[in-house]
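J.: Below are the sequence and a predicted model for it; my questions follow.
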There are 2 protein chains.
Amino acid sequence: MSKKKPLILVCNDDGINAPGIRALVDVMKELGEVVVVAPDSPQSGMGHAITITKPLRLYSSNVFGEDIPSYQCSGTPADCVKLAVDKVLHRKPDLLVSGINHGSNSSINVIYSGTMSAAVEGAIEGITAVGFSLLDFNYNADFEASKNIVRTIAKNVIKYGLPEDVLLNVNIPAVKSSDIKGIKICRQARANWVEEFDERQDPYERKYYWLTGKFINMDKGEDTDEWALKHNFVSVVPVQFDLTAHHAIGTLNQWDL
Amino acid sequence: MSKKKPLILVCNDDGINAPGIRALVDVMKELGEVVVVAPDSPQSGMGHAITITKPLRLYSSNVFGEDIPSYQCSGTPADCVKLAVDKVLHRKPDLLVSGINHGSNSSINVIYSGTMSAAVEGAIEGITAVGFSLLDFNYNADFEASKNIVRTIAKNVIKYGLPEDVLLNVNIPAVKSSDIKGIKICRQARANWVEEFDERQDPYERKYYWLTGKFINMDKGEDTDEWALKHNFVSVVPVQFDLTAHHAIGTLNQWDL
């Protein structure tokens, strides 16, 4: 990156008023010129959704004071990135950071995560991108330790850049700074959610269901994000958007097609 | 798979009333015992969204006649799969097929696709899963050629199974059967959408935006899905949900962390 202050786009999925994005903006304004484009309401679990069946709204906001241009968008995190590039910045930012998410986006959660979808959308468009999450769902979670981690990782990203078509998924254990053992480069653990829908009846005697689930980590590896987080390390997983299972191509070529 | 008729779950993202899912059900009922759980309204572009901020509804439907148990769900394609496993089938199906999507899910579209998210959700849960798409957005598209392709691929999947943690993304060119050159195992092309928002003004003089975009394929490889489709081959891409960019781990381990 050039010696000029980098242009940093900040996004999230918990919405522009979430404390997590405030912590992220606090660190980013030390490192570059910051612009925020974030959803006007929480978008957790939105995966890589984009909005094509209704129009989008984009309004200027003063949530971060007059020095930080900020916009709230009626769409998903991926929509925010697209609108930011085309209609707010009119160019690609030098860095896109998303978060700090309230809750984990480790292992399989990367697939369901709105926070990560903003970062993935950036990477698809050729933007250096990182998603940050703190393993604490609490609205009033303490982001102080996270800020130090965010600063360290963002400085490295600005200094070294990222490999082509790779973004980062950073998860931070919910412990105080002095208890964090370090930062580990990891692979995504093989884990999944076993759904357990909570079945209820509405006042009109019709059934409805709340999605709940149990998280199952079947991966015993010590090089995974789940292992790192369980042992109080910050996990950094390099993520790609080429979903091809290259190793399976040979097997499939033996089929009767 | 056992010699018993396989239990086949059919899902999509265009909604239970779309012609594409009807074509898929027509073929699947030749091959096994079919149950349909599909969204009650179109869910295109929903990516891997799940519904966690509102409850879900699930109603029995008679769209496919009395012999095919069918349900429409108020949620996303991924929600449909989760609800089907937990509340309809009470077990994992032997095969999950999603589609036939009205429109392409080749290359980067796999990330935005609701059709593919249903198949990905299945694979995460250990279910053999395939997503099918026809490169024709038209509601009245002709699915006759697609049915032959679906039959051939589904028979192979039932006969050989799929490698662990791998699902298939099948795209079918919109040409008549006799013009299809064959079925090719491919990798996902490196391509993306360059967004071009259409800015308008509502009757109250407030701006709004429609997401539009231009598809850019920068991949010259002849082993990609885009190449295959352009040359009238059906593309079959093996897809994985481990998003780790394993090749980048070494580089990141040299950082100042």
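T.: Everything's here; your move. Numbers count the residues shown, from 1 in each chain, chains lettered A, B, ... in the order given.
J.: what ranges of the stretch 1-150 of chain A fall below the confidence cut-off?
T.: Applying pLDDT under 70 to the stretch 1-150 of chain A picks out residues A:1-3.
J.: Now do the buried residues in stretch A:86-94.
T.: By neighbour count on 16 or more other CB atoms under 10 Å in any protein chain shown, the buried set for stretch A:86-94 is A:86-88, A:92-94. To be clear about C-beta, it is placed using only N, CA and C from the backbone, and glycine gets the same treatment.
J.: before we move on, what about stretch A:210-226?
T.: By 16+ other CB under 10 Å, the buried positions in stretch A:210-226 come out as A:211, A:217, A:219, A:224-226.
J.: Max pairwise distance over those: which two?
T.: Between all members of the buried residues of stretch A:210-226, the longest pairwise span (CB to CB) is found for A:Leu211 and A:Thr224 and amounts to 25.0 Å.
J.: picking that back up, just give me the closest of the buried residues of stretch A:210-226 to chain B.
T.: Comparing the buried residues of stretch A:210-226 against chain B with CB to the nearest CB picks out A:Leu211 as the nearest, at 5.8 Å.
J.: Would you mind listing the residues in contact with that closest one?
T.: For A:Leu211, the contacting residues are A:195, A:197, B:50-52, B:56, B:79, B:82, by CB atoms under 8 Å, 6 or more residues apart in numbering or on different chains.
J.: Spatially, which two of the buried residues of stretch A:86-94 are the most separated?
T.: Using CB to CB, the two most remote members of these are A:Lys87 and A:Asp94, lying 18.4 Å apart.
J.: Strands along the stretch 51-200 of chain A, start to end?
T.: When secondary structure is read from DSSP state E, counting those that start in this stretch, the stretch 51-200 of chain A shows strands at A:58-61, A:70-73, A:95-102, A:129-134, A:166-172, A:182-185, A:191-195, A:198-201.
J.: same for the longest one, what does it pack against?
T.: What it means is strand A:95-102. Identification of packing neighbours for strand A:95-102 by 3 or more CB pairs under 8 Å, 6 or more residues apart in numbering or on different chains; DSSP states H and E yields strand A:7-11, helix A:19-31, helix A:114-124, strand A:129-134, helix A:144-160.
J.: That strand: partners in the sheet, and parallel or antiparallel?
T.: Applying DSSP bridges to the sheet, strand A:95-102 is found paired with strand A:7-11 (parallel), strand A:129-134 (parallel).
J.: returning to what we had before: near chain B, which of the buried residues of stretch A:86-94 show up?
T.: A:86-87 (CB under 8 Å from any CB of the partner chain).
J.: Put together a markdown table for the buried residues of stretch A:86-94, with distance to A:Cys186 on each row.
T.: Formatted as a markdown table, the entries for those read as follows, by distance: CB to CB, whole Å:
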| residue | distance to A:Cys186 |
| --- | --- |
| A:Asp86 | 34 |
| A:Lys87 | 36 |
| A:Val88 | 33 |
| A:Lys92 | 28 |
| A:Pro93 | 26 |
| A:Asp94 | 26 |
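J.: what's near enough to touch the closest residue to A:Gly131 other than its chain neighbours?
T.: Computed as CB to CB, 6 or more residues apart in numbering or on different chains, the closest residue to A:Gly131 that is not its neighbour in sequence is A:Ala119, at 3.9 Å. A:Ala119 is in contact with A:96-98, A:129-131, A:167-169, A:239, counting by CB under 8 Å, 6+ apart.
J.: Would you mind measuring from A:Ala119 to B:Tyr59?
T.: 37 Å (CB to CB, to the nearest Å).
J.: Please identify the buried residues of stretch A:56-70?
T.: Using 16+ other CB under 10 Å, the residues of stretch A:56-70 that count as buried are A:56-58, A:61, A:64, A:68-70.
J.: Please export the C-alpha coordinates of it as CSV.
T.: Taking only C-alpha atoms (Å, rounded to 0.1, in the frame of the first residue of the first chain), the coordinates of stretch A:56-70 have been written out as CSV:
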residue,chain,number,x,y,z
LEU,A,56,-32.2,-0.1,-1.1
ARG,A,57,-32.1,3.1,1.0
LEU,A,58,-28.8,4.8,2.0
TYR,A,59,-28.9,7.7,4.5
SER,A,60,-26.1,9.8,5.9
SER,A,61,-25.6,9.3,9.7
ASN,A,62,-23.8,11.2,12.4
VAL,A,63,-23.3,8.2,14.7
PHE,A,64,-19.5,8.6,14.7
GLY,A,65,-19.3,12.4,14.8
GLU,A,66,-18.5,14.9,12.0
ASP,A,67,-15.0,13.6,11.2
ILE,A,68,-16.1,10.1,10.2
PRO,A,69,-18.5,10.0,7.1
SER,A,70,-21.1,7.4,8.0
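J.: show me what contacts A:Ser70?
T.: Taking CB under 8 Å, 6+ apart as the test, what A:Ser70 contacts is A:16, A:35-38, A:60-64.
J.: one more time with 7 Å, if that's ok
T.: For A:Ser70, the contacting residues are A:16, A:36, A:61-64, by CB atoms under 7 Å, 6 or more residues apart in numbering or on different chains.
J.: what would those residues look like in CSV with distance to B:Glu125?
T.: As requested, the contacts of A:Ser70 are exported to CSV (distance: CB to CB, whole Å):
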residue, distance to B:Glu125
A:Ile16, 34
A:Val36, 36
A:Ser61, 39
A:Asn62, 44
A:Val63, 39
A:Phe64, 41
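J.: hmm, back to that, with mean neighbour count as added columns, please give the strands paired with strand A:95-102 in CSV.
T.: Listed next are the strands paired with strand A:95-102 as CSV, based on neighbours: other CB atoms under 10 Å in any protein chain shown:
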stretch, mean neighbour count
strand A:7-11, 26
strand A:129-134, 29
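J.: So which of those is nearest B:Ala248?
T.: strand A:129-134 (13.0 Å).
J.: From the chain's centroid, how far away is that closest one?
T.: Between the centre of strand A:129-134 and the centre of its chain there are 5 Å (CA atoms, centre = their mean, to the nearest Å).
J.: cool, and stretch A:131-146?
T.: Its chain's average C-alpha position is 12 Å from that of stretch A:131-146, according to CA atoms, centre = their mean.
J.: Quick one: end-to-end length of that stretch, please.
T.: End-to-end distance for stretch A:131-146: 12 Å, by CA to CA, to the nearest Å.
J.: and that stretch, which residues are buried?
T.: Of all the residues in stretch A:131-146, those buried under the rule 16+ other CB under 10 Å are A:131-136, A:141, A:143, A:145-146.
J.: Not counting its own residues, what contacts that stretch?
T.: Surrounding stretch A:131-146, the residues in contact under the criterion CB under 7 Å, 6+ apart are A:19-20, A:23-24, A:97-105, A:115-116, A:119, A:150, A:169-174, A:176-177, A:180, A:229.
J.: do you know how far A:Ala23 is from A:Ala38?
T.: For A:Ala23 relative to A:Ala38 (CB to CB), the value is 13 Å.
J.: cool, and A:Asp13?
T.: When distances are taken as CB to CB, A:Asp13 and A:Ala38 turn out to be 8 Å apart.
J.: what's the answer for A:Val166, then?
T.: Remark: distance between A:Val166 and A:Ala38 (CB to CB) = 24 Å.
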